[in-house]
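[1] fold the following.
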Amino acid sequence: MSVHRPDSRIGSLDDRVRVYLEGTLGFSLDSFPSAGIEARESSARTDKRDDRLCVVRIGDAALATGIPRVVAAIRPAFECMSIEELFSPLGLAELSRAMQPEDAESLAHGFDYLLTSRKDFRPAEMAHGVVPLTKSDIPAEQFELRMSERRESESDDFVWAFACHHDDPDAVATENALFGPRCASIAIVIWHAPELAGYGLGTDPPFRGRRYALAVVSAATEFILRQGAVAWYQAYTTNIPSLRIPRRLGFTFAWQTIWA
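    Sure, this is the predicted structure:
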């Protein structure tokens, strides 16, 4: 009988992160493969977009959890690929080819970063003013969503995002218009667990590359750490400007994720 000896990086994970990952995958991290790729059906997965498949790679091992039809479809592809091939454009192409079109339409690959301690945080020098947004600032169209993302302990007013507003009289927000005509960038704080928070980040096209996103993520990160929680940053592997942000703020690369 083989004995699992998970990558040492799994053993060093912060307990707050470990609990979340185990809940997400539906398996104890002690059962994580020691190397290579394993695919398992999991009751933690649902037949919803972005939740049908979750593949987490930590070191030289990856665990894929999914609903039955997705696991059955991808298992042959896993068996003929190395872990390096899987977490590459080739891997995504082969998974997409194996899966049903409606299952593969949201297939994506991201890098995940963690910041667990304020001593490791390197706050950005603020070139732009950042303002916290509270319950009264939530757009009516997003009220239920933002309420569902708040920390469980928040019952009254709470901070849910940090925003930068530009002063260009000729520019009007397009992608961020819901948050105001002058919203250059916004970092929404999304509580995935009582002690773990991530981000919903959006920067209006004319203001990208001008440190607005860095400013709002820095402010949001400081807020999360002050709550005694872990900050978790995830971005698509193709989004280079976004991936630079956690590295500048002191985050540590933790794992890779494929989801669908």
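[2] who are the neighbours in contact with the closest residue to residue 141 other than its chain neighbours?
    Excluding the flanking residues, the one nearest residue 141 by Cβ to Cβ, 6 or more residues apart in numbering is residue 178, at 6.8 Å. Glycine gets a C-beta too; all of them are placed from N, C-alpha and C. Shown in contact with residue 178 (Cβ atoms under 8 Å, 6 or more residues apart in numbering): 139, 141, 142.
[3] parallel or antiparallel, which strands does whichever helix or strand residue 258 is part of pair with?
    For residue 258, the host element (DSSP states H and E) is strand 252-259. If you go by DSSP bridges, strand 252-259 pairs up with strand 53-58 (antiparallel), strand 108-115 (antiparallel).
[4] same list (the ones you listed) but as TSV, adding mean neighbour count and distance to residue 87.
    TSV is the format used below for the strands paired with strand 252-259 (neighbours: other Cβ atoms under 10 Å; distance: least, Cβ to Cβ, whole Å):
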stretch	mean neighbour count	distance to residue 87
strand 53-58	22	6
strand 108-115	19	7
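[5] list the buried residues of stretch 131-141.
    Judged by neighbour count (16 or more other Cβ atoms under 10 Å), stretch 131-141 contains these buried residues: 133, 138.
[6] what are the ranges of the helices in the stretch 1-150 of the chain?
    Listed in chain order, the helices found in the stretch 1-150 of the chain under DSSP state H, counting those that start in this stretch are 8-11, 15-25, 68-79, 83-86, 89-98, 101-104, 143-149.
[7] now the lengthiest strand in the chain: mean pLDDT?
    The residue-count maximum for a strand in the chain (DSSP state E) belongs to strand 183-193. Here strand 183-193 scores 96 as its mean pLDDT.
[8] swap in stretch 82-94?
    96.
[9] any chance you could list what contacts it?
    Under Cβ under 8 Å, 6+ apart, the answer for stretch 82-94 is 36-37, 55, 57, 60-62, 77-78, 81, 95, 107-109, 256, 258.
[10] one more pass at 7 Å, please.
    36, 37, 57, 60, 62, 77, 78, 81, 107, 109, 256 (Cβ atoms under 7 Å, 6 or more residues apart in numbering).
[11] dump the helices of the stretch 1-150 of the chain to JSON lines, plus distance to residue 244 and mean neighbour count.
    Shown next, in JSON lines, are those (distance: least, Cβ to Cβ, whole Å; neighbours: other Cβ atoms under 10 Å):
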{"stretch": "helix 8-11", "distance to residue 244": "22", "mean neighbour count": "13"}
{"stretch": "helix 15-25", "distance to residue 244": "22", "mean neighbour count": "17"}
{"stretch": "helix 68-79", "distance to residue 244": "31", "mean neighbour count": "17"}
{"stretch": "helix 83-86", "distance to residue 244": "23", "mean neighbour count": "17"}
{"stretch": "helix 89-98", "distance to residue 244": "21", "mean neighbour count": "16"}
{"stretch": "helix 101-104", "distance to residue 244": "29", "mean neighbour count": "14"}
{"stretch": "helix 143-149", "distance to residue 244": "25", "mean neighbour count": "14"}
